[in-house]
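[1] Kindly return the folded structure for what I paste below:
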Amino acid sequence: MPYRVLLLLATLGAAACTTLTVEQRIATCRATDWASYGENDGILGVAASERVAKFADCAELGHGADIAAYQAGRTKGLARYCTVENGYEAGYAGRRYRKVCPPALEPGFLQGYEQGRKERPAADYPYYGFGFGFGFGYYRYPFFGHRFRHHGHRRVHRGSQK
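    From the prediction side, this is the model:
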């Protein structure tokens, strides 16, 4: 069963680089184990709305997705994702919460998520200063003249530090 998921992910990864033919898309839809696919999405915390295009594509090709199997697998995966420990890891890593946890599991996940966000080092927050810097700030690019260092959420010029 994990082999099918790896095969599907490899196929989808290749699809990002190349355009699949109709025959290849049909083969992918036929080979998909929708329960495993849903479980994997649940474990990763992927919103079901992100898969609408995949479901529509398979339906258009005449090989509709087994939505019931996908949802059952996703529910099983979300039970593993929506834990206090995983919430803490997601908050500490700075990942955003996509509001995927069912109401019964969400309070525990959010408790861990908020705790992880509180304990996250301030130096890990992205810097959104001037237009250039790709979210890292000028201090990572010393060849641009004005260098700023990130302290929490405020800009401090290096020359004005105490």
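[2] per-domain residue ranges of the protein.
    1-81, 82-120, 122-160 (automatic domain parsing).
[3] which residue ranges form the helices in this structure?
    2-17, 22-31, 34-44, 52-60, 67-81, 84-93, 106-119 (DSSP state H).
[4] Run through who's touching the fourth one.
    Which is helix 52-60. Here helix 52-60 makes contact (CB atoms under 8 Å, 6 or more residues apart in numbering) with R25, C29, T32, G64, A65, I67, Y70. For every residue, glycine as well, the C-beta is placed using N, CA and C.
[5] Would you show me how to pick out the buried ones of those residues in ChimeraX?
    Entered in ChimeraX, the line below selects the buried ones among those, by 16 or more other CB atoms under 10 Å:
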select :25,29,32,65,70
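[6] Turn the helices of the chain into TSV, columns for distance to K99 and mean pLDDT.
    Converted to TSV, those look like this (distance: least, CB to CB, whole Å; pLDDT from 0 to 100):
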stretch	distance to K99	mean pLDDT
helix 2-17	24	56
helix 22-31	28	86
helix 34-44	14	92
helix 52-60	16	88
helix 67-81	12	94
helix 84-93	12	92
helix 106-119	8	94
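[7] can you tell which of these is closest to V100?
    helix 67-81 (6.4 Å; CB to CB).
[8] on contacts alone, who are the packing partners of that closest one?
    helix 34-44 (3 or more CB pairs under 8 Å, 6 or more residues apart in numbering; DSSP states H and E).
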